[in-house]
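[1] here is a sequence together with a model predicted from it:
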Amino acid sequence: MKRVWILGLLAAAAGAAQNARTNPLAQDKNASEGGRTLFRIMCSPCHGIKADGGRGPDLTLGVFRNGTTDGDLYEVISNGVPGTEMPGYGGPRLPEEDVWRLVSYVRSVARRAETNVPGNRQAGEQIFWAKGQCGQCHQVGTRGGKMGPDLTRAGRTRSLAYLRESIVDPSADITPGYATIRVVTRDGKTIAGAQRGLDNFSAQLVDTAGNFYSFRKDAVRSLKRELQSLMPSYKASLSETELTDVVAYVASLQGEEGR
Amino acid sequence: MKRWSLFFAMAAALGAAEINSETLRNAQQDANNWISTGRTLNGWRHSPLTQINTSNVKRLTPQWVYQTGTLGRFEGTPLVFDNRMYITGPDNHAWALDLLTGRPIWHYYKALPPGVSICCGRVNRGFAALGKKLYKMNLEAKLVALDADTGKMLWETQVDDTKKGISGTVAPIIAKNLVVVGVAGAEFGIRGFIDAYDADTGKRAWRFYTVAGPEDPGSKSWGGDSYRRGGGSIWVAGTYDPESNLVFFGTGNPGPDMNGDPRPGDNLYTCSIVALDADTGKLRWHYQNTPHDVHDWDSISDPVLADVMVNGRKVPAVIQANRNGFFYALERASGKVLVAKAYTKVTWADGIGADGRPILISGQGPSEEGTKACPGIGGGHNWQATTFNPQTGWYYFGTTEGCQIYYNTKMEFREGEWYQASTAQGLPTDPQTGAVVALDPGTGAVKWKFEMLTSPSAGLLSTAGGLVFAGDPQGYIFGLDAKTGKSLWDFFTGGPVSAPPMTYTLNGKQYLTVATGGSIMTFALADEAGRGRGGAGR
């Protein structure tokens, strides 16, 4: 564990050294307001209209997983974070000045609040792999199933409130590509599974046994996307304490597990 | 003498004809070529070709693909004449391709200078042609004339200062010897305009401001000096009626988009259809679809010129599926509303009144905390090309179906900087879908809808073969039965289709071309034995 921490610190230090650029608009009083306008258009769909998180991390905490300097934030906004849903907005999408305006806005909303996560992480881990059977569908590192979204880095990319909502009401906001596809074949067989691909003429899905299917719409009796997650709600099956513990465990997943 | 005759005869056979006012006027009879962005000056995008039809469309197979090597979206319709295809691409690229093989003949490129503010992609929507010249708008708001044989630049005219936030994406149209264009940039608080330039010299003939100034009849529709940053972009080609000598354009949103407080009034002539004298640019009439728009509902869609049957009477009309969710048929001579009917879910207006104004429903405007309203920010129908089919008498267009949450905020204007004052977002539990719609323009009645998961991102093409072709953002190009909307053919191209399909002939064989991803892809019917590249000319 200690080794991991040292490695993390080294990586952070190296990252900081590589991204020592300072915000040229840091003294511009209008920069953060300009950034707010851009944020509402470009960033709020994932980070929330008030930057307090959702599908993307809560930025008001002022804790940034991919670097802490203005230069780091600039890099993340410009180039995205590989392996996550965060795309890059630099180049043709946003001129350099606008990226700096976004950095100014993100700095202005960061209130550096208490970042302690409530709940018992270890207890949550037990529930995740045993009582909750979450690992049947979700992967953490190299362990677990592949039907649901990979949670290896979920703590970096999802706010606490979002994680809690995903457990008690999984259909509130389905991760893109994880809706349910239900197909009835011409011989009357029904096949349901998690969406792996969907367009106006075909669908690809994986069923609970891990089987991959691909269908053309005109070759089946019916093919429907249901905006209903295949994941059950844990609202009734977990106590409030257990729920908080599972959120604490998932929030602790930072991408190192199983590597 | 005999030799010369033979030479000219050969030249004619190769189709080395010049485009002039007459060929443009009679383009509907020229089934083999495609010589203006809307195929005909009236913007029908309807081909008389029948070789590819409802009974054989399933045999369409790829013939050639030209990979342009560029990133970004293709949104333009290729032109075809002189056995060549002329197409514009993103980032100020353009090409001439050999029709038979798809091989490049020439390539034009102009590096984008720094400091140009571009709203919604470094795109271009096509060429216009006259004589042996091709005309295009460059992103840096330059109108450029190219030699169609070589791609060499013949002249270029800077239409205005890009520091104001203007840019150029529209396909020009030709009216007599004038090249008519407009500028984009409402999201940067420009004052928009439509310009006409001499096709030979590039000298400006007239300008019409789409935002009324102090000297204009509509000046009282802008509070204070808000007209100076009033928007009114022109980013989709207009149409031209040689009979009345009028050009028709749909105009874009007022600025700032989502916050109407800084610009009290109707904000003429934004979100309107305008009819201008082609010789002078004088306003003949206007109709404002969305007075004081706060939802970014440009009236930018093609103003198609068609005769429609209204109450048993044939009326020359301008028809348009507007982004605000209503279909309109306007009397072409006056702008009077003939038909106005919602074609999708609309929550902001309870119809269009006898005075031509929308009957507003309160509480539908954007707010700091968000307000749900329908249609979404992209419409209804947005900018993608529409088609009128004279065989069915129906009008076809793509839609986005559903609602969004609209936000606004206060925003200070700074020249050349983003001035939208917020945005709209989707509803995760009720995502928007799409459709291809067939509508009777004489009544506004929807005849059929081909329902889709996503809106058809490409424009449409109709043919006398009984087909409507469309494309989608996942990468499909597909053909529907024009009478029923039934899907008859589809092909996955591997790249998003953002450009309208078009069709033409070469050596007696009908081809279908569409830009997809960074490639230009051409289809034709497989031969009887099922071989993909059979048929004449091969």
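    Structure received.
[2] how near is the residue of the stretch 1-150 of chain A found nearest chain B to B:A424?
    Closest residue of the stretch 1-150 of chain A to chain B, Cβ to the nearest Cβ: A:I41 (4.3 Å). Heads up, the C-betas are built off the backbone N, CA and C, glycines and all. To B:A424, A:I41 is 9 Å away according to Cβ to Cβ, to the nearest Å.
[3] same question, A:C137
    Taking Cβ to Cβ as the measure, A:C137 falls 33 Å from B:A424.
[4] swap in B:A199?
    40 Å.
[5] per-residue confidence for the residue in the stretch 101-250 of chain B positioned nearest to chain A?
    Nearest to chain A in the stretch 101-250 of chain B, going by Cβ to the nearest Cβ, is B:R122, at a distance of 5.9 Å. B:R122 is assigned a predicted lDDT (pLDDT) of 92.
[6] picking that back up, higher neighbour count, A:I41 and B:A424?
    Between A:I41 and B:A424, counting by other Cβ atoms under 10 Å in any protein chain shown, B:A424 is the more crowded of the two (24 against 17).
[7] residue contacts, that one?
    Counting by Cβ atoms under 8 Å, 6 or more residues apart in numbering or on different chains, B:A424 touches B:258, B:295-296, B:366, B:376-377, B:404-407.
[8] tell me where chain B is predicted with low confidence.
    B:1-17, B:528-538 (pLDDT under 70).
[9] would B:V436 count as being in a helix?
    No. Judged by DSSP: H, G, I helix; E, B strand; the rest coil, B:V436 forms no part of a helix; its state is strand.
[10] beta partners for it?
    Counting by DSSP bridges, B:V436 forms beta bridges with B:G398, B:F450.
[11] so what's the residue count around it?
    So B:V436, with other Cβ under 10 Å, has 24 neighbours.
[12] and the one 5 residues further on, by the same measure?
    For B:P441, the count of nearby residues is 25 (other Cβ under 10 Å).
[13] hmm, it is touching B:F397, no?
    No. Counting by Cβ atoms under 8 Å, B:P441 stays clear of B:F397, with 10.7 Å between them.
[14] show me what the helix or strand where B:A329 lies is packed up against.
    Here B:A329 sits within strand B:326-331, counting by DSSP states H and E. Secondary-structure packing of strand B:326-331 (3 or more Cβ pairs under 8 Å, 6 or more residues apart in numbering or on different chains; DSSP states H and E): strand B:313-321, strand B:337-342, strand B:349-352.
[15] can you lay out those strands as CSV showing distance to A:Y249 and mean neighbour count?
    Converted to CSV, those look like this (distance: least, Cβ to Cβ, whole Å; neighbours: other Cβ atoms under 10 Å in any protein chain shown):
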stretch, distance to A:Y249, mean neighbour count
strand B:313-321, 52, 21
strand B:337-342, 50, 20
strand B:349-352, 51, 15
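[16] rebuild these as JSON lines, extending it with distance to chain A.
    Formatted as JSON lines, these follow (distance: least, Cβ to the nearest Cβ, whole Å):
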{"stretch": "strand B:313-321", "distance to chain A": "20"}
{"stretch": "strand B:337-342", "distance to chain A": "24"}
{"stretch": "strand B:349-352", "distance to chain A": "26"}
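[17] would you tell me which of those strands gets closest to B:P500?
    Nearest to B:P500, of all those, is strand B:313-321, at 14.6 Å by Cβ to Cβ.
[18] residues in contact with the closest one: which ones?
    With Cβ under 8 Å, 6+ apart as the test, strand B:313-321 has contacts from B:239, B:248, B:250, B:273, B:275, B:289, B:299, B:301-310, B:327-333, B:335, B:338, B:343, B:380-381, B:386, B:388, B:395, B:397, B:399, B:437, B:439, B:441.
[19] using CSV, write down the CA coordinates of that strand.
    In CSV, the C-alpha atoms belonging to strand B:313-321 read as follows (Å, rounded to 0.1, in the frame of the first residue of the first chain):
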residue,chain,number,x,y,z
ARG,B,313,-56.2,26.6,-55.5
LYS,B,314,-52.7,26.2,-56.9
VAL,B,315,-50.6,28.9,-55.3
PRO,B,316,-46.9,29.7,-55.9
ALA,B,317,-45.4,29.4,-52.5
VAL,B,318,-42.3,29.4,-50.3
ILE,B,319,-42.4,26.3,-48.1
GLN,B,320,-40.2,25.6,-45.1
ALA,B,321,-40.1,23.2,-42.1
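[20] picking up where we left off before, are any of the contacts of strand B:313-321 buried, and which?
    Burial by neighbour count, judged by 16 or more other Cβ atoms under 10 Å in any protein chain shown, picks out B:239, B:248, B:250, B:273, B:275, B:289, B:299, B:301-308, B:310, B:327-333, B:335, B:338, B:343, B:380-381, B:386, B:388, B:395, B:397, B:399, B:437, B:439, B:441 from those.
[21] spell out which residues of chain B are next to chain A.
    Counting by Cβ under 8 Å from any Cβ of the partner chain, chain B comes close to chain A at B:72, B:122, B:370, B:407, B:409, B:411-412, B:414, B:417-418, B:420-423, B:425-426, B:428-431, B:452-454, B:472, B:474-476, B:478, B:487, B:490, B:492.
[22] so the closest residue to B:A458 other than its chain neighbours bridges to which residues?
    Closest residue to B:A458 apart from its sequence neighbours, by Cβ to Cβ, 6 or more residues apart in numbering or on different chains: B:G471 at 3.2 Å. Residues in a beta bridge with B:G471, per DSSP bridges, are B:I477.
[23] surely B:G471 and B:F492 touch.
    No. Using Cβ under 8 Å as the test, B:G471 is too far from B:F492 to be in contact (10.8 Å).
[24] ok, these two, which is more surrounded?
    A direct count of neighbours by other Cβ under 10 Å for B:G471 and B:F492 places B:G471 higher, at 30 against 15.
[25] what does stretch B:108-120 contact?
    Contacts with stretch B:108-120, where a contact means Cβ under 8 Å, 6+ apart, come from B:91-95, B:122, B:138-142, B:144, B:146, B:151, B:153, B:162-163, B:165, B:167, B:184-188, B:233, B:416-418.
[26] among those residues, name the buried ones.
    B:91-95, B:122, B:138-142, B:144, B:146, B:151, B:162, B:165, B:167, B:184-188, B:233, B:416-418.
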